[in-house]
Every structure is written in C-alpha cells, then in structure tokens.
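>>> Pasting the sequence and the predicted model now:
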Amino acid sequence: MITTYKGMQDQEPVVKYNMYVGFKKNFARYPMMNGDQLKRLREVSGLYQPVYTNGDEEEGMNTDWQDMLFKTAFTTNQDLSVSGGTAKSAYNVGISYFKDEATIPTQNFKRYAMHAALDQEIGKYLKVGFSTNTNYSITNNANLGIYNTLSCSPLINPYNADGTLKPVVHMEKDNQWTYTRDRIENLGDSYKDQTTGLGTYNNFYGEIKCPWVSGLKYRVNLGLNYRHNKNGSYTGTGVFSDSPSANSGAGNGNSTMWNWAIEHMLTYDKTFGDHTINAVALYSAEKNHYESTYMSASQLFDDRLLWYNLGYSESTSINPGNQNYNESGLVSMMARVMYSYKDRYMISATVRQDKSSRLAPGHRVHTYPAVSLGWNIAKESFMQNVKWVDNLKLRAGYGETSNQSVDPYKTLGRLASRPYNFGPTGYATGFYVSELPNEELGWEYSQTYNFGVDFSLFNGRLTGTAEYYTQKTKDLLMSVGLPSTSGVGSYMANVGKTENKGFELSLNGVIIDNLNGWTWEAGINWYTNKNKIIELADGSERDEGNGWFVGHSINCVYDYEKIGIWQKDEEELRKIMEPGGSVGMIKVKGGYNEDGTPRAINSSDRQIIELDPSWEGGFNTRVAYKNWDLSAVASFRHGGKLISTLYGSSSYLNMMTGRRNNVDVDYWTEDNPTNKFPNPAGPISNDNPKYGTTLGFFSGSYLKFRTITLGYNFKGDWMKKAGISALRAYATVTNPFVLFSPYHDESGMDPETNSRGNENQAAAAYASKVLVVGFNTPTTRNYLFGLNVTF
C-alpha cells in the first residue's frame with residue numbers, strides 16, 4: 001500500500017505550501033573544436049580543404065553553434081496540501097504543478113497533479129481507506145537532438161549579407177539545416193512533437209479485526225491503475241532537412257495501460273509474555289493490459305492540420321510493427337511466520353509461490369522459501385553495563401526471489417511484415433520470423449545468503465549497518481542475438497547462471513550535537529559488488545556475439561583495448577603487427593603468438609573489458625548554526641570503465657578527418673607525439689580512425705556533488721500572529737561540480753551514464769545492457785530558490 005500523503009488522527013487542519021523556482025544552464029560546454037582547430041585538423045588529415053570557400057565556410061570564422069542553440073531554462077514546482085483528522089479518521093488532499101524546461105529551445109515538461117487519502121475507523125473492529133494520485137502531463141519536443149549543433153563546422157558563416165539566417169549551410173561533403181534557437185522557436189506549426197499523458201493510481205483497503213480472537217485481522221487491498229498517452233508529431237516541408245522541398249511528415253500514436261491487483265491478507269499478531277508471534281497468509285492476483293497504435297503520413301496539405309487528420313495527405317502508413325496489444329497475469333500465495341523471544345532472539349520463515357502467464361506452459365509456477373535469524377545482543381544481561389551500546393543486532397538470512405520480467409507472448413515468437421513488389425503496379429505483404437519461440441521459457445530466480453549487523457552507539461550519536469551477501473541467479477532471462485546467417489534476429493531464453501558477491505556499509509553520525517548552537521551531522525554509504533557469469537545454458541565458455549563470458553561480468557564488452565599510440569621508435573614492430581598502418585595510429589593490446597613472437601593484429605585480439613566499478617557509494621553532511629543550515633549530498637565511484645559515445649566511433653563526432661566538426665582532442669603529430677589520440681592522417685575504418693571505438697573508453701572513477709543547500713528556518717512571535725507554524729527558505733544548486741574524474745578532466749562533461757548502449761548515437765555500437773555517456777539532452781546545473789510554509 002502506498003502510504004504517502006497520509007493525514008494523522010486527532011489533528012487540527014494543517015495547510016502546507018511547498019514551492020521552488022529556479023533556472024538551469026548546461027553542466028558544461030561540449031568540448032568541440034573552434035574554427036582554427038578544425039582548420040588545423042583538416043590540414044593534418046589531408047582529406048578535406050582547410051576552409052571550404054565554395055560552400056559557406058570563411059577564413060577566420062569561428063561560429064559558436066552551441067551558443068546559438070542552448071538557452072537558460074526555467075523550472076518550478078508548486079505544491080499545496082491540507083491534512084488533518086478526528087478521533088477516528090485522517091485525511092490529506094493536495095494539488096501540485098511542476099514545469100521543467102530543457103536548455104534545448106521549446107523542449108519542456110509540465111505536470112498537473114492532485115492527490116487524496118482517507119483513513120476511517122468504523123466502530124471498534126472495522127477500518128477502511130483509500131489513496132489516489134491523478135496527474136496530467138505534457139511533454140513538448142522531446143525528440144529534438146543536438147547532433148547538428150555539435151557536428152556543424154565553426155568555420156561556417158550562418159548569415160547572409162543582409163543579416164538574415166541562411167536556411168541551409170554547406171560543408172564540403174555535408175549540408176545541414178541551420179539549427180539555431182531563434183529558428184526553432186519561430187517554427188510555429190511547422191514543427192511540433194507533443195506527448196500528453198493522463199494517469200490515475202488508486203489504492204483501496206478494508207481491514208477488520210476478529211472480536212473473538214485477539215490479534216487476528218483480515219485485510220483486503222485493491223489497486224486500480226490507468227494511464228493513457230497520446231503522441232502527435234508534425235514536421236513541415238523542408239524542416240530539419242538540407243532540401244527545402246523535403247516532404248512534410250506526421251505521426252499519431254496512442255497507448256493505454258491499465259492494471260488491477262488484489263491482495264487478501266490474514267494476520268495474527270500476539271504477544272504471550274516474553275513471546276511474540278506474527279503470522280501472515282496472503283493470496284494475491286493481478287492483471288496487466290497494454291495496447292498501442294501508431295500511424296504516419298507524408299506530404300500533408302497544410303501545416304495547421306498537424307497530426308489531427310492524417311487523411312489529408314498524399315500517403316498514409318500503418319506499420320504492423322508499431323501496433324501492440326498484450327495482457328498478462330500473476331497469481332501469488334505467501335505464508336510467513338515471525339517469532340521473537342524478549343525482542344532478543346528472532347526467527348522468520350516464509351514460503352511463496354508465483355504463477356505467471358508470461359512464461360511457457362509447464363514452467364509458469366515457481367515456489368521459493370526464505371528464512372532469517374536475528375540476535376539482539378544489546379538485550380543480553382552481559383551487555384547491560386555497556387552503556388555506550390544502545391543497540392547491537394546480528395542477523396543472517398537465506399532467501400529466494402524470482403523474476404518474470406519479459407514481455408508477454410515471448411514464448412510464442414514474433415512475426416514481422418515486409419512488402420514485396422510484384423511488377424510495376426502492385427505489391428503484396430509477406431511475413432517472416434523475426435524472433436523465435438521458446439516453449440521452455442521459465443522463471444529466473446536468485447538464491448541469496450546475507451549476514452549483517454545493525455548498531456546504534458553513544459545514545460544514537462553513531463548508527464549504522466554492515467552487510468555481506470552472496471547471490472546466485474539461475475536461468476537468467478536475456479534476449480539472445482543470433483547471427484545474420486540464421487535468418488532470425490533473436491529469441492528470449494534462460495541463458496545461464498550468474499553470481500553476485502558484495503559488501504555494504506552505511507554509517508550515520510551526529511558529530512556535534514547543539515554545541516553553542518552548532519550541530520554537525522554526516523552519513524556515508526559504501527558498497528562493492530562483484531558480478532560474474534558462472535555458466536551459459538549451452539555449456540560453452542563464451543558467446544562473443546552477445547558479449548557473455550564465463551568468469552566475467554555480464555556487463556562487460558568485447559572490443560579492442562587501446563594501450564597507446566604507435567611511435568616512431570616502434571616502427572619495426574608496428575610493421576609486423578599493423579601491416580599497411582602507419583606511425584601515429586592507435587596501438588591495441590595483442591599481436592603475439594603463444595611463443596611470444598609478434599604477428600599481425602586480428603579479431604582474436606579483442607579483449608574482455610570489465611565496466612563495473614571496484615566500489616561506489618555516497619555521502620551527505622549537514623552543518624547547522626541556530627536557524628541556518630548548510631547541507632551537501634554527493635556520490636562517488638572508483639574503477640571500472642566509462643564508455644563515452646562522444647569520443648567513440650559511434651557518434652561520428654570524433655572522426656578526426658575534418659569532414660564535420662570534431663571533439664577537441666590532443667592528437668598525434670610529429671611535433672606532438674602524444675599517446676592519447678591518433679594521427680588524423682592515419683588509417684581509417686568506416687569514416688573513423690581504425691580501432692576508433694577504443695577512444696570512447698575512460699576510467700569510470702568520479703566524485704560528484706549532487707546538491708548543496710543553504711537554508712534558514714524562521715522563528716518569532718510574528719509567525720504565530722500570522723498563523724504560520726513553520727517557515728523555511730532555502731537555496732539549492734544541483735550538480736555543482738565533479739572531482740577525481742579522468743573523463744571530466746578530459747571533456748569537462750558529467751561522467752554519470754545517461755543512455756543505454758544502443759541509444760543516442762549515430763550508429764549503435766553496444767548492446768542495450770551497457771550504460772554509456774551519450775549526447776542526448778544535456779545534464780544541467782540548476783539554481784533553485786524555495787519556500788516551505790506550514791499554517
């Protein structure tokens with residue numbers, strides 16, 4: 001049950017108003033070359049004219065395309081609520097408004113929401129209640145990207161002689177629609193992309209106590225959720241195209257999701273002297289429904305139609321792959337018993353069974369147990385004189401959990417359609433297998449052992465928890481990619497076993513406790529997790545196509561590993577390992593036979609590259625003096641690899657040829673024999689430096705401060721006279737700075753991942769399992785000013 005936004009019994013009405021307003025700027029400029037740097041790059045590469053004067057480039061020009069696109073954005077949140085209660089009831093109602101703009105012009109999100117909750121006792125034995133949260137959201141122009149801004153040559157003069165903006169600018173090999181803030185903001189009905197969503201999430205419950213058996217009660221929980229999204233997009237003639245006559249296009253999509261879930265719980269909770277028993281029996285069922293439709297059109301007759309009538313167009317299209325319908329269900333039963341003796345010795349045992357419609361017949365049911373033990377040492381007689389120990393509890397447990405997170409009907413496979421031409425006047429639609437069925441698809445489940453300690457010391461001045469765990473996951477649910485020769489792209493399967501071992505530590509302390517008005521609190525959490533595949537379903541040791549290797553993390557990648565740049569004094573060895581290459585090209589690991597003699601680099605020299613960090617965590621601290629307080633929250637990560645699509649080959653922003661603008665990198669020349677980035681005149685593969693994907697790998701270490709907040713809590717008789725019981729003002733900056741990050745040192749950018757490996761790239765280079773730093777909507781630094789008022 002969701003219990004947020006709850007009121008309290010026997011409470012006079014309380015009105016709360018919480019708000020903040022603020023502005024945001026990009027966390028950093030993208031590290032692209034300026035005009036002189038791009039010109040020099042072209043001179044070194046020798047592939048393109050240093051300044052393409054036959055197009056729109058001019059000698060000495062240095063256009064800042066980022067400055068011409070990005071803007072200072074606005075954000076605000078307003079929340080008003082009323083709560084209260086009587087002797088037998090409690091309520092809370094409220095409304096809120098949230099708006100968040102991106103630094104990309106016209107890109108924004110708005111949400112209007114209202115919530116309500118009511119708990120009501122009826123007589124001595126019956127209690128009922130509900131909570132509801134309904135919201136309506138509008139997302140505008142979320143698909144606007146920044147590739148044109150980053151890739152456009154700074155040598156271009158974007159203006160005509162009369163000062164007007166050129167509609168299209170020309171480079172030697174590429175033409176681009178002139179992508180600027182003013183132009184996007186003035187598109188009007190020529191471009192619009194909007195998604196609206198209406199969602200309502202509701203929970204109801206009824207609870208009855210048995211008058212004949214003390215401690216026995218029955219409760220029913222009912223959840224009813226509904227959400228409808230509608231997306232419409234329209235791009236007018238020539239918009240975003242280098243051809244002013246490019247066809248207009250529009251799309252219209254709708255999706256609906258609803259689900260219900262019901263839980264029946266019978267609970268017995270009773271204390272007999274030193275003995276306490278809590279027993280729960282549960283039966284639950286849920287159903288999920290999803291459907292979506294989408295159609296598109298081209299050459300619409302008028303901008304003002306937008307996407308509302310796609311029939312007024314030269315052609316419409318309904319792609320079967322964009323129409324969806326699915327339903328799924330889950331039935332569960334659970335029994336749990338917890339026993340405690342003097343709050344000193346504790347044991348809990350649970351058994352649960354789930355049955356999922358998503359899985360194959362004969363494999364839908366899974367039953368799994370859990371058991372835990374606890375010993376509260378602080379309650380022992382021999383600890384009574386240890387005054388500095390408030391609480392000390394040891395615990396150990398074993399439990400199984402399961403996972404059925406696959407799309408419905410994965411067991412049946414999938415067909416895709418394709419039109420086939422039959423002569424000059426017609427075509428027919430055919431179908432082919434795009435995903436194989438799997439009649440043995442079953443549950444993924446994990447077995448976990450954990451050992452931990454919870455403690456509180458020095459009258460609560462220091463509290464914490466430490467835990468070691470080991471988890472083995474069997475029958476891992478993953479999509480298995482197949483070679484193109486199979487004629488089928490993939491299938492869903494239980495692919496093998498993985499193991500996770502880790503340690504977690506959390507500490508919270510009051511360092512100074514109201515000493516002459518000063519208080520200082522701090523907390524830290526630190527954890528490490530080692531993940532590896534211990535078995536593949538087919539018994540093999542490696543699956544290179546899917547990037548799975550026994551003994552290595554499931555999140556690893558299989559690629560060449562850059563170890564430097566070939567230098568002049570290595571020419572003899574380079575000629576053996578890289579025949580046809582040249583000095584200044586990327587040097588990768590490998591190239592030796594088993595006897596240690598050198599040979600030519602080949603695909604067998606690709607390496608298994610681990611991405612997972614050695615350890616990570618976060619900390620928070622708060623210093624207060626009388627009414628003032630200053631707090632900070634940060635996260636950190638050490639080790640592992642970060643993949644930047646900005647620097648790797650997949651973005652086409654680090655081609656190092658000068659065809660388009662390039663990331664500002666320290667590249668090799670005879671006068672600058674660096675080991676960082678290769679010679680722009682070196683060998684090329686697919687418009688990028690050979691082994692160019694290796695340029696996207698950086699150390700994943702960083703320390704990132706997420707928020708710093710300065711606040712003031714008002715006090716005084718004037719507040720009481722004004723009917724105000726609490727008043728706080730504060731200022732917050734988010735993402736203020738980053739330390740100890742090699743990627744940030746190189747680029748100035750945020751080192752935190754923001755995309756999957758197959759997103760936000762010109763060419764997808766990695767599987768979706770891999771998290772990367774992409775060049776989607778930029779990370780921002782926000783400056784917020786807020787107020788919390790209670791009446």
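Happy to help now that I have it. Owing to the predicted nature of the structure, the values given are computational and were not obtained by experimental measurement.

>>> Remind me what the helix or strand where residue 130 lies packs against, helices and strands.
Applying DSSP states H and E as the criterion places residue 130 in strand 126-140. The contact analysis (3 or more Cβ pairs under 8 Å, 6 or more residues apart in numbering; DSSP states H and E) places strand 126-140 against strand 108-122, strand 191-209. The way it works is simple: take the backbone N, C-alpha and C, and place the C-beta from them, glycine included.

>>> partners of the first one in the sheet?
If you go by DSSP bridges, strand 108-122 pairs up with strand 89-101 (antiparallel), strand 126-140 (antiparallel).

>>> thinking again about what came up before, dump the helices and strands packed on strand 126-140 to JSON lines, plus distance to residue 294.
Shown next, in JSON lines, are those (distance: least, Cβ to Cβ, whole Å):
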{"stretch": "strand 108-122", "distance to residue 294": "21"}
{"stretch": "strand 191-209", "distance to residue 294": "12"}
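
>>> I'd like those as TSV, with mean neighbour count and distance to residue 152 appended.
Shown next, in TSV, are those (neighbours: other Cβ atoms under 10 Å; distance: least, Cβ to Cβ, whole Å):
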stretch	mean neighbour count	distance to residue 152
strand 108-122	17	24
strand 191-209	17	19
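
>>> Kindly calculate the angle that the strand holding residue 130 makes with strand 191-209.
In terms of direction (axes from the mean of the first three to the mean of the last three Cα atoms, to 10 degrees), strand 126-140 departs from strand 191-209 by 170 degrees.

>>> Restricting the selection to alpha carbons, write strand 126-140 to PDB.
Extracted in PDB, the C-alpha atoms of strand 126-140 (Å, rounded to 0.1, in the frame of the first residue of the first chain):
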ATOM      1  CA  LEU A 126     -13.500  -2.100  11.000                       C
ATOM      2  CA  LYS A 127     -11.200   0.300   9.200                       C
ATOM      3  CA  VAL A 128     -11.400   1.400   5.600                       C
ATOM      4  CA  GLY A 129      -9.400   3.800   3.500                       C
ATOM      5  CA  PHE A 130      -8.200   4.900   0.100                       C
ATOM      6  CA  SER A 131      -5.400   6.900  -1.600                       C
ATOM      7  CA  THR A 132      -5.500   8.300  -5.100                       C
ATOM      8  CA  ASN A 133      -3.000  10.200  -7.200                       C
ATOM      9  CA  THR A 134      -4.000  11.500 -10.600                       C
ATOM     10  CA  ASN A 135      -1.900  13.500 -12.900                       C
ATOM     11  CA  TYR A 136      -1.900  15.000 -16.400                       C
ATOM     12  CA  SER A 137       1.400  15.700 -18.200                       C
ATOM     13  CA  ILE A 138       2.500  17.400 -21.300                       C
ATOM     14  CA  THR A 139       5.900  16.700 -22.900                       C
ATOM     15  CA  ASN A 140       6.900  19.000 -25.800                       C
END
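
>>> So residue 337 is in contact with residue 346, correct?
No. Look at residue 337 against residue 346 with Cβ atoms under 8 Å: they stay out of range, at 11.5 Å.

>>> The residue nearest to residue 378 when sequence neighbours are not counted is in what secondary structure piece?
The spatially closest residue to residue 378, leaving aside those adjacent along the chain, is residue 392, at 4.5 Å (Cβ to Cβ, 6 or more residues apart in numbering). For residue 392, the element it lies in under DSSP H and E is strand 389-403.

>>> next one: residue 653
Residue 653 is part of no helix or strand when elements are defined by DSSP H and E.

>>> so it makes contact with residue 151?
Yes. Counting by Cβ under 8 Å, residue 653 does reach residue 151; the two are 6.1 Å apart.

>>> so can I have TSV of the helices and strands packed on strand 126-140 showing mean pLDDT and distance to residue 93?
TSV is the format used below for the helices and strands packed on strand 126-140 (pLDDT from 0 to 100; distance: least, Cβ to Cβ, whole Å):
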stretch	mean pLDDT	distance to residue 93
strand 108-122	97	5
strand 191-209	97	14
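
>>> what's near enough to touch the closest residue to residue 706 other than its chain neighbours?
Nearest non-adjacent residue to residue 706, counting by Cβ to Cβ, 6+ apart: residue 633, 4.8 Å away. Applying Cβ atoms under 8 Å, 6 or more residues apart in numbering to residue 633 gives the contacts 618-620, 705-707.

>>> element containing residue 633, please.
strand 628-638.

>>> What is the subsequent helix or strand relative to the strand holding residue 130?
Under the assignment DSSP H and E, the closest C-terminal helix or strand after strand 126-140 is helix 147-151.

>>> Excluding covalently adjacent residues, which one is nearest to residue 363?
residue 442 (3.4 Å).

>>> How many residues are close by that neighbour?
By other Cβ atoms under 10 Å, 22 other residues sit near residue 442.

>>> In contact with it, which residues?
With Cβ under 8 Å, 6+ apart, residue 442 has these contacts: 359-360, 363-364, 366, 475, 494.

>>> This structure: helices as residue ranges?
In the chain, the segments counted as helices under DSSP state H are 35-45, 65-69, 147-151, 181-185, 571-577, 717-721, 742-747.

>>> Could I get the contacting residues of the residue nearest to residue 378?
Neighbours of residue 392 in contact, by Cβ under 8 Å, 6+ apart: 376-378, 383, 453-456.

>>> For residue 495, what are phi and psi?
In terms of degrees, to the nearest 10, the main-chain angles of residue 495 are phi -90, psi -10.

>>> contacting residues around it?
Applying Cβ under 8 Å, 6+ apart to residue 495 gives the contacts 476-478, 480, 536-537, 548.

>>> what stretches of the stretch 351-500 of the chain score poorly on pLDDT?
423-426 (pLDDT under 70).

>>> Please report how far the residue nearest to residue 232 when sequence neighbours are not counted lies from residue 177.
Nearest non-adjacent residue to residue 232, counting by Cβ to Cβ, 6+ apart: residue 307, 3.7 Å away. Residue 307 sits at a distance of 21 Å from residue 177 (criterion: Cβ to Cβ, to the nearest Å).

>>> now do residue 126
The separation that residue 126 has from residue 177, given Cβ to Cβ, amounts to 66 Å.

>>> okay, those two: which has more neighbours?
In this view residue 126 and residue 177 are compared by other Cβ under 10 Å, and residue 177 has more residues nearby, 20 against 12.

>>> in the longest strand along the chain, what's buried?
Of all segments of type strand in the chain, defined using DSSP state E, the longest is strand 275-300. Neighbour-count burial for strand 275-300 flags 276, 278-280, 282, 284, 288-290, 292, 294-298, 300 (criterion: 16 or more other Cβ atoms under 10 Å).
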